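In: I'd like to go over a predicted model; first the sequence, then the structure.
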Amino acid sequence: MNDDHFKFSNAVIGLPVFFVLFLWIVYWFQIRFDFDFYQNGIYPRDISGLQGVLFSPFIHENLGHLYNNSIPLFVLLAAMQFFYPKQVYAVLGYGILFSGLITWIIGRENYHIGASGLIYVLVSFIFFKGIQTRYYRLVALSFSVVLLYGGMIWYVFPDIDNTISWEGHLAGFLTGFALTLFYKTPDYAKPIVYEWQKPDFNPEADPFMKHFDAEGNFVNTEIPEEEAEDVITYFNSNVLVNYTIRKSEESDLNE
């Protein structure tokens, strides 16, 4: 296992910068030209409200709403681009689509706007996929996400705050988890399979295992004294190397 697959590229910074900058440009147009983008959000169970499935992540109510979504989006997109470069764009696209559709189905009859649903997609995907891989770097990333954004889990439940779209948060969380099941674990993140874990492993033929009995107790396999006084045995893969230490003639005379 090596970590050559985790390489820094311009996209690690470029993707989150472009995405977040686009959100701020949309908001600038909204306040500069007094555009009412709210009606382009998700309005549940209404045909015209389906447009919000695509548009709602880019629409924000005010500056505080936009700022609160920008920082986690930047961090999570950078993490996705670095650790999951092959899945990042698919998770973005399908995350926006399916979380929006679920919100359209289960949401209250209000306009649902903001990128928080997408944030929940990314948090959910990074956390669950890292645990599923059992690869130490991705598991560490999962726990880092929990430390940073673990408190977000409370906002997928109703009645916590009536001013937020808990339906959008829940939809994003479920979508992120579903995507972890759809996309296979990357080859580089599969657990190491050692020789002794393989079904065709024969412990009797292994140079290390022959020094232990069936119960795991060490068996002293001595070399005849006439061949060597002391023997240090070194095992390296399938190569057996014996370092033999013989007493000098001078030490024999002293005895």
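Out: The structure has been received and is ready for your questions.
In: in this protein, which helix or strand is least confident?
Out: Ranked by mean pLDDT, DSSP states H and E, the helix or strand of the chain with the weakest confidence is strand 239-245, at a mean of 46.
In: what about the strands in this structure?
Out: 230-236, 239-245 (DSSP state E).
In: pretty sure residue 85 contacts residue 8?
Out: No - between residue 85 and residue 8 there is no contact under C-beta atoms under 8 Å: 10.7 Å. Heads up, the C-betas are built off the backbone N, CA and C, glycines and all.
In: of these two, who's got more company?
Out: residue 85 (17 against 9; other C-beta atoms under 10 Å).
In: got the contact list for the more buried one?
Out: Going by C-beta atoms under 8 Å, 6 or more residues apart in numbering, residue 85 touches 9, 11.
In: for residue 122, see how far away it is.
Out: Applying C-beta to C-beta, to the nearest Å, one obtains 14 Å for the distance of residue 85 from residue 122.
In: and the lengthiest helix in the chain, what's buried?
Out: Looking across the chain with DSSP state H, the single longest helix is helix 10-32. Buried residues in helix 10-32, counted by 16 or more other C-beta atoms under 10 Å: 12, 15-16, 19-20, 23, 26-27, 30.
In: average pLDDT for it?
Out: Averaging pLDDT along helix 10-32 gives 95.
In: ok, and what's touching that helix?
Out: By C-beta under 8 Å, 6+ apart, the residues outside helix 10-32 that reach it are 35, 37, 58-60, 63, 66, 69-70, 73-75, 77-78, 81-82, 85, 88, 115.
In: between the two ends of stretch 131-140, what distance do you get?
Out: End-to-end distance for stretch 131-140: 9 Å, by C-alpha to C-alpha, to the nearest Å.
In: equivalent analysis for stretch 129-139, please.
Out: End-to-end distance of stretch 129-139: 8 Å, with C-alpha to C-alpha as the criterion.
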